[in-house]
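Colleague: Sequence first, predicted coordinates after that:
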Amino acid sequence: MEELVKRNFKQLGIQRKSASQPLALEWGKKYLHNIDPTLSRDDTTDGNNIKELISSTGREKTKEKLMASLRLVSIQAWNQVEILLIKEVERYHINPQLIEPWEIISDCYKIYEKTLEIYYQQAPLRQLSMIMRLAREGEPLYQKALGIYTEQVIPTQLTAAIRSQVGTLRKKYTKVDSRIIAFVSMQFHYTSKILLQMLSPLERPIVESYFRVIDDHLYMPLERAYEAAAQHDYNSQALGAVQQLLPASTEIAKTITQRITELYPNYRSKSGILSETAIQASSIRDVEMFQIYLWLAVLEGDVSAIQQELFPLCLMIYPTLKIEWELIRQMLYLLGQEICDRLTHKHLEIVMPYYQVLWHMFSPHLFGELGIEKSLKTSTDSHFMK
């Protein structure tokens, strides 16, 4: 594990002296923590299709196929963004001059171009042997193999290369009006969705894992969190609390998403029911997003990111996707429980005031004032939250 830590510090260009370094490292490590070292034995008798797919020639073919369609797909994606959000511009009094379609399309295009170039250039050999050993299409272990390769290995390679560029893009579109990032985010969402539909079942999960790294750094203020962490001493209590929670962010998100799915088995958003694989993935990402905004508030000692970015975005996006506030309220309640279970009393004293701001900001009382109140289950009104 120590070698893994050293390797990731090197990949991310991190020197141990900075307080922001462990934060960036922990986010990168979240893709790796479940790798099973017993699965690394070579077995050249299986996985020939995947071996060909992620060979240099195979990756070049995939890259060229997607790049050839990217311009047209980008325009198609923007059309879907406008259909989804055009009414929100007037409803929320957004200055339409801040929304430059061709500039957004161009900026997103450059991110995809770089991502696909990295996809072509990089091929992890040790992880390929895992896939070759496990990948027998149609058998349960086939899915496990792809999961190891796509969810826990590939993204660490892309993170160091792409996070700064996406972070700069995020700053650009949140500088004047943070709600503009919603148009950029949905442009990425629809572009990725259309591109992935062009791929074979074997290609799709591998390429999707690269696109997921873009999602992480676009939806979540990760770069801003790294910068905030850099302002703390290494022994900062606020930084220590965040470092304790960050490695568990995906586990927390999966636990909460599973619980919400159990509570609302028949709930259907615009995209589908909660138990569908794609909805589960986006739900997990959203729970992670709320966590990152909370950790950012803790690190900055300020709730402006929640007030000025997170809440306005949710207010604009969630109703259009038919996501009711009751689900968000339940999610926050469960997040509060997870935080209390995982932090020491000293760290709780630091984190909970910011959590309380988040909890009250998404309260039924505020929704009532805005005319969008939804009935909430009494379980979310636990004395713990009051």
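Modeller: Received, thanks.
Colleague: can you list the domain ranges for this structure.
Modeller: Domain assignment of the chain by automatic domain parsing yields the ranges 32-223, 232-386.
Colleague: mind putting those domains in JSON lines, mean neighbour count and mean pLDDT included?
Modeller: Heads up, the C-betas are built off the backbone N, CA and C, glycines and all. Below are these laid out as JSON lines (neighbours: other C-beta atoms under 10 Å; pLDDT from 0 to 100):
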{"stretch": "domain 32-223", "mean neighbour count": "17", "mean pLDDT": "79"}
{"stretch": "domain 232-386", "mean neighbour count": "17", "mean pLDDT": "86"}
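Colleague: Where does Tyr293 fall, secondary structure wise?
Modeller: For Tyr293, the host element (DSSP states H and E) is helix 277-300.
Colleague: Mind giving me the packing neighbours of the helix or strand immediately after that helix in the chain?
Modeller: Using DSSP H and E, the helix or strand that follows helix 277-300 in sequence is helix 304-305. Packing partners of helix 304-305 (3 or more C-beta pairs under 8 Å, 6 or more residues apart in numbering; DSSP states H and E): helix 277-300.
Colleague: distance between the helix it packs on and the chain's centre?
Modeller: Mean-position distance between helix 277-300 and its chain equals 7 Å (C-alpha atoms, centre = their mean, to the nearest Å).
Colleague: So which other helices or strands are in contact with that helix?
Modeller: Contacts defined by 3+ C-beta pairs under 8 Å, 6+ apart place helix 277-300 against helix 203-219, helix 222-229, helix 237-245, helix 249-263, helix 304-305, helix 325-342, helix 345-361.
Colleague: Present those helices as CSV; the columns should include distance to Ala182.
Modeller: Formatted as CSV, the helices and strands packed on helix 277-300 follow (distance: least, C-beta to C-beta, whole Å):
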stretch, distance to Ala182
helix 203-219, 10
helix 222-229, 17
helix 237-245, 26
helix 249-263, 21
helix 304-305, 15
helix 325-342, 16
helix 345-361, 18
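Colleague: In contact with Ile99: list those residues for me.
Modeller: Val89, Ile180, Phe183 (C-beta atoms under 8 Å, 6 or more residues apart in numbering).
Colleague: Distance check, the last one against Thr191.
Modeller: Looking back up the chat, that one is Phe183. 12 Å (C-beta to C-beta, to the nearest Å).
Colleague: what's the answer for Tyr120, then?
Modeller: Tyr120 is 18 Å from Thr191, by C-beta to C-beta.
Colleague: cool, Leu274 as well?
Modeller: Taken as C-beta to C-beta, the span from Leu274 to Thr191 is 24 Å.
Colleague: Then Ser363?
Modeller: In terms of C-beta to C-beta, Ser363 sits 35 Å off from Thr191.
Colleague: got it, and Lys175?
Modeller: 23 Å.
Colleague: before we move on, what about Tyr112?
Modeller: 7 Å.
Colleague: Mind listing the shared neighbours of those two?
Modeller: With C-beta under 8 Å, 6+ apart, Tyr112 and Thr191 have common neighbours Leu70.
Colleague: and the helix holding Tyr293, C-alpha only, in PDB?
Modeller: Below are the C-alpha coordinates for helix 277-300, written out as PDB (Å, rounded to 0.1, in the frame of the first residue of the first chain):
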ATOM      1  CA  THR A 277     -28.200   1.300 -13.200                       C
ATOM      2  CA  ALA A 278     -27.800   4.700 -14.900                       C
ATOM      3  CA  ILE A 279     -30.000   6.400 -12.300                       C
ATOM      4  CA  GLN A 280     -28.000   4.700  -9.500                       C
ATOM      5  CA  ALA A 281     -24.800   6.000 -11.000                       C
ATOM      6  CA  SER A 282     -26.000   9.600 -11.300                       C
ATOM      7  CA  SER A 283     -27.600   9.400  -7.800                       C
ATOM      8  CA  ILE A 284     -24.300   8.300  -6.300                       C
ATOM      9  CA  ARG A 285     -22.500  11.200  -8.000                       C
ATOM     10  CA  ASP A 286     -25.100  13.700  -6.700                       C
ATOM     11  CA  VAL A 287     -24.600  12.400  -3.100                       C
ATOM     12  CA  GLU A 288     -20.800  12.800  -3.600                       C
ATOM     13  CA  MET A 289     -21.400  16.300  -4.900                       C
ATOM     14  CA  PHE A 290     -23.300  17.300  -1.800                       C
ATOM     15  CA  GLN A 291     -20.500  15.900   0.300                       C
ATOM     16  CA  ILE A 292     -17.800  17.800  -1.600                       C
ATOM     17  CA  TYR A 293     -19.700  21.100  -1.200                       C
ATOM     18  CA  LEU A 294     -20.000  20.400   2.500                       C
ATOM     19  CA  TRP A 295     -16.300  19.700   2.900                       C
ATOM     20  CA  LEU A 296     -15.500  22.800   0.900                       C
ATOM     21  CA  ALA A 297     -17.600  24.900   3.300                       C
ATOM     22  CA  VAL A 298     -15.700  23.300   6.200                       C
ATOM     23  CA  LEU A 299     -12.300  24.000   4.600                       C
ATOM     24  CA  GLU A 300     -13.100  27.600   3.600                       C
END
